[in-house]
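Asker: Can you look at this prediction? I've put the sequence above it.
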Amino acid sequence: MGPRSKIIGTGSFVPEKVLTNKDLESMIDTSDEWISTRTGIKERHIASEGENNSDLAILASKRALEMAEIDGKDLDLIIVGTLTPDMPMPSVACLVQCALGATKAGAMDVSATCSGFLYSLSIADKFVRSNPQMKILVIGSEVLSRRVNWQDRTTCVLFGDGAGAAVVTGGDEKGGIISTHLHADGSVWELLTIRGLGTKYPVDEEILSKGWQYIEMQGRDVFKHAVRALESVTNEALTAAGWEKPELDLLIAHQANIRILEYLRERLELPRDKVFINIHKYGNTSAASVPIALDEANRSGRLKKGDKVLMISFGGGFTWAGVTMEW
Ligand code: COA
């Protein structure tokens, strides 16, 4: 087995503005009680006017680079998982590349919705395994608040804005990323979609009046697909890593719903402290959710050297992914 890739720095950033469940009570027909019990969310951070995806991504990246003790100019590649770029062109990654002075780095966005960070991390892992000298910045960043319909209580209470980043390079033969697992099922894309403002339904009065610029979700169906896919990729990843369930030290799962996390915890027979939870603070931040959780687990000392960590995610497309690593 050759050298593995390993994460040498993490960072995250969320906008200052906080929107609580109580705030939402005065905006739509909902209650703190409904949102808390159905989702686990208490509040979320929302980008202010003029604050864009790349702004969050750059701030999260600077924190990750600082921890990794490397400069932007040392980076070889920047990969951003996102579904809410500043613009269709250029990519968020190019804006980050410029801001960090990453003059020798390639830059690209990866469109894999909530699995965007783990898809990007998997790509970084393959590059580093073939050239362990490479230094790759992997980011998940979203401003979903501009793509939710603030009149639709079935979706607007769920999402939040934020960014997380990780620096990946070659490690030794122990530790680091062990296996990556990517999956997709486009046959049921309509269960979770933003159908408008692409080439199929370009911007016009009719599309806007239908609200097709916003997220549409069949929550109950998505829930069923999510638990099935997350459980399946968990089993696949544990088998690939050669780990038994009790050996797992930390599960970092996409923060979409506390009930999904609780279901997984029960199926894996894990104690509560082995499942990372921060959904109460941020809501569902799509591609940013796993790297924000990873950074919080890292900075709070929750991750110890040698810990067996499983990261999993699920999102529109559908896409789902799993990554096992030894910290
Ligand atoms: N406040 C108050 N009531 C609300 C509400 C809100 N914000 N949103 C929906 N409701 C109502 C519904 O209208 C419905 O009322 P009815 O029974 O009179 O028709 C009732 O609450 C139950 O709605 P339902 O959609 O069945 O609730 P649920 O238990 O499925 O929870 C979600 C909804 C969205 C929280 C849940 O389905 C979910 O988390 N889905 C998965 C999301 C996910 O995993 N995404 C991952 C990819 S990003």
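Answerer: Here it is on my side, so go on.

Asker: need the contact list for Y214.
Answerer: For Y214, the contact set (C-beta atoms under 8 Å, 6 or more residues apart in numbering) comprises 147-149, 152, 155, 194, 196. Every C-beta, even on glycine, is put in place using the N, C-alpha and C of the backbone.

Asker: Now it: closest residue in space that isn't a chain neighbour?
Answerer: Leaving out its chain neighbours, the residue that sits closest to Y214 by C-beta to C-beta, 6 or more residues apart in numbering is N149, at 3.9 Å.

Asker: What residues sit buried inside the one helix or strand R267 maps to?
Answerer: Counting by DSSP states H and E, the element that carries R267 is helix 258-268. Of the residues in helix 258-268, those buried under the neighbour-count criterion (16 or more other C-beta atoms under 10 Å) are 258, 260-261, 263-265, 268.

Asker: For those residues, give me a markdown table that also has distance to the ligand and pLDDT.
Answerer: Formatted as a markdown table, the buried residues of helix 258-268 follow (distance: C-beta to the nearest ligand atom, whole Å; pLDDT from 0 to 100):
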| residue | distance to the ligand | pLDDT |
| --- | --- | --- |
| I258 | 9 | 98 |
| I260 | 6 | 98 |
| L261 | 10 | 98 |
| Y263 | 11 | 97 |
| L264 | 12 | 97 |
| R265 | 15 | 97 |
| L268 | 18 | 93 |
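
Asker: out of these, what pair is the most spread apart?
Answerer: Put simply, by C-beta to C-beta the two of those set farthest apart are I258 and L268, 15.5 Å from each other.

Asker: what about the spatially closest residue to L144 that is not a sequence neighbour, distance to L182?
Answerer: For L144, the nearest residue in space outside its immediate sequence neighbours is F159; the separation is 4.2 Å by C-beta to C-beta, 6+ apart. Summarising the geometry, the distance separating F159 from L182, computed by C-beta to C-beta, to the nearest Å, is 23 Å.

Asker: what does M27 give?
Answerer: From M27 across to L182, the span is 37 Å (C-beta to C-beta).

Asker: These two: who's more crowded?
Answerer: L182 (16 against 13; other C-beta atoms under 10 Å).

Asker: show me the contacts for that one.
Answerer: By C-beta under 8 Å, 6+ apart, L182 lies in contact with 115, 118-119, 122, 319, 321.

Asker: Take these and lay them out in TSV including secondary structure and neighbour count.
Answerer: Written out in TSV, the entries for the contacts of L182 read as follows (DSSP: H, G, I helix; E, B strand; the rest coil; neighbours: other C-beta atoms under 10 Å):
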residue	secondary structure	neighbour count
S115	helix	32
L118	helix	33
Y119	helix	27
S122	helix	23
T319	strand	22
A321	strand	31
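
Asker: Report the two of those residues separated the most.
Answerer: The farthest-apart pair in the contacts of L182, when distances are taken by C-beta to C-beta, is S122 and T319, at 11.5 Å.

Asker: Verify the stated contact: I207 with Y201.
Answerer: Yes - counting by C-beta atoms under 8 Å, a contact exists between I207 and Y201, whose distance comes to 4.9 Å.

Asker: joint contacts of the two?
Answerer: In contact with both I207 and Y201: no residue, using C-beta under 8 Å, 6+ apart.

Asker: so how far is the helix or strand just after the helix holding R267 from its chain's centroid?
Answerer: Moving toward the C-terminus from helix 258-268, the first helix or strand encountered (DSSP H and E) is helix 279-282. Relative to the mean C-alpha coordinate of its chain, helix 279-282 is positioned 13 Å out (C-alpha atoms, centre = their mean, to the nearest Å).

Asker: Touching helix 279-282 from outside, list them.
Answerer: Applying C-beta under 8 Å, 6+ apart, the external contacts of helix 279-282 come out as 14, 39-45, 160, 162, 255-258, 261, 289, 292.

Asker: try stretch 98-107
Answerer: Contacts made with stretch 98-107 from outside it, assessed by C-beta under 8 Å, 6+ apart, are listed as 54, 58, 61-62, 65, 71-73, 75-80, 91, 93-94, 96-97, 137.

Asker: ok, of the residues you listed, which come out buried?
Answerer: Among the contacts of stretch 98-107, those scoring as buried are 54, 58, 61-62, 65, 72, 75-80, 91, 93-94, 96-97, 137 (criterion: 16+ other C-beta under 10 Å).

Asker: what's the neighbour count on N131?
Answerer: For N131, the tally of surrounding residues (other C-beta under 10 Å) stands at 11.

Asker: And the pLDDT at the nearest residue to Q218 once chain neighbours are set aside?
Answerer: Among residues not flanking Q218 along the chain, L191 sits closest, at 4.6 Å (C-beta to C-beta, 6+ apart). Here, the pLDDT recorded for L191 equals 98.

Asker: just M1 next, same as before
Answerer: Here the pLDDT value assigned to M1 is 63.

Asker: so which residue of the stretch 51-200 of the chain comes closest to the ligand?
Answerer: Among residues of the stretch 51-200 of the chain, the one nearest the ligand by C-beta to the nearest ligand atom turns out to be R153. It sits 3.8 Å away.

Asker: Distance check, the closest residue to that residue other than its chain neighbours against the ligand.
Answerer: With C-beta to C-beta, 6+ apart as the criterion, R153 has its nearest non-adjacent residue at 4.5 Å, and that residue is I28. Note on I28: its distance to the ligand, by C-beta to the nearest ligand atom, to the nearest Å, is 7 Å.
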